[in-house]
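Novice: The amino acid sequence is not available; the structure is as follows:
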C-alpha cells in the first residue's frame, strides 16, 4: 500500500520487450535504499524489484499490466514517479493508494494559476461512479484532490512543490497518465451495486 506522496523520480534507462511482458530498468538514487523483492510504485503501478544496484533497479511488467497502464508504451528516457510502500508506523499524508491502476487518462490541459498549476485529465465513463468532488485520485501515482469534476474529466490544482518533485514538471498536454480512484469509493460503489442487484432480484 502507498500514499501517493512521491519520494523520488527516476528515468527509464532500458525497456526490453519479451513474450512474457516487459523488463525495465530505472535509474534513480533511490535504488541504494531498495532490496531485491521490494515493492515499489512506478508512475502509480506496483512493481517488484527484481535486481538492483546503487544506480538503479530492474522490474518485470506483466502482459496485463503493460496492456492496462502506460508502462506498456513507455520508452527509454522518460521520467517516472517512484514511491516505496507505506510503513505501518508512518504518517499517512496522502490517501490509500494500492498501485492497481483503474484506467489510463489523457492530460488535456496545463495552465498557470498564480504560483500554482491547474491541470485537467480525461477519464473513461467506467470511472465516474467512484469519483467525487473534493475526493482523492492518484494521477501517475501522485495523490491529488479532485478540485473540479466534469462528466469526462477531472481538474486538479498542483502546488509548486509537487510540480517540481514529480514528473508533472515535464508533463505536456496529450500525455497519457495512469489513474487510480480512491479504494474507499470503489468499495462503496461495489456494495451499492450488489445491494441494488439484490433488491431487484427480490421484487
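Specialist: Structure's in. What do you need? The structure presented is a predicted model; accordingly, all values stated were derived computationally and were not measured.
Novice: now the strands for the protein?
Specialist: 8-18, 21-27, 39-42, 45-53, 56-61, 79-83, 103-113, 116-122, 136-139, 142-145, 148-149, 153-158, 176-181 (DSSP state E).
Novice: most packed of the ones you listed?
Specialist: strand 136-139 (a mean of 27; mean count of other C-beta atoms under 10 Å). All C-beta atoms are positioned from the backbone trio N, CA, C, and that covers glycine.
Novice: I'd like the strands of the chain as TSV, with mean pLDDT and distance to residue 166 appended.
Specialist: Shown next, in TSV, are the strands of the chain (pLDDT from 0 to 100; distance: least, C-beta to C-beta, whole Å):
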stretch	mean pLDDT	distance to residue 166
strand 8-18	95	7
strand 21-27	96	15
strand 39-42	98	12
strand 45-53	97	15
strand 56-61	97	19
strand 79-83	98	5
strand 103-113	96	13
strand 116-122	97	11
strand 136-139	97	9
strand 142-145	97	5
strand 148-149	97	20
strand 153-158	98	9
strand 176-181	97	11
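Novice: Redo those strands as TSV? Include distance to residue 169.
Specialist: Formatted as TSV, those follow (distance: least, C-beta to C-beta, whole Å):
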stretch	distance to residue 169
strand 8-18	8
strand 21-27	17
strand 39-42	17
strand 45-53	20
strand 56-61	20
strand 79-83	8
strand 103-113	11
strand 116-122	10
strand 136-139	14
strand 142-145	12
strand 148-149	22
strand 153-158	10
strand 176-181	14
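Novice: between these, which one is nearest to residue 168?
Specialist: Of all the strands of the chain, the one in closest proximity to residue 168, counting by C-beta to C-beta, is strand 153-158 (5.8 Å).
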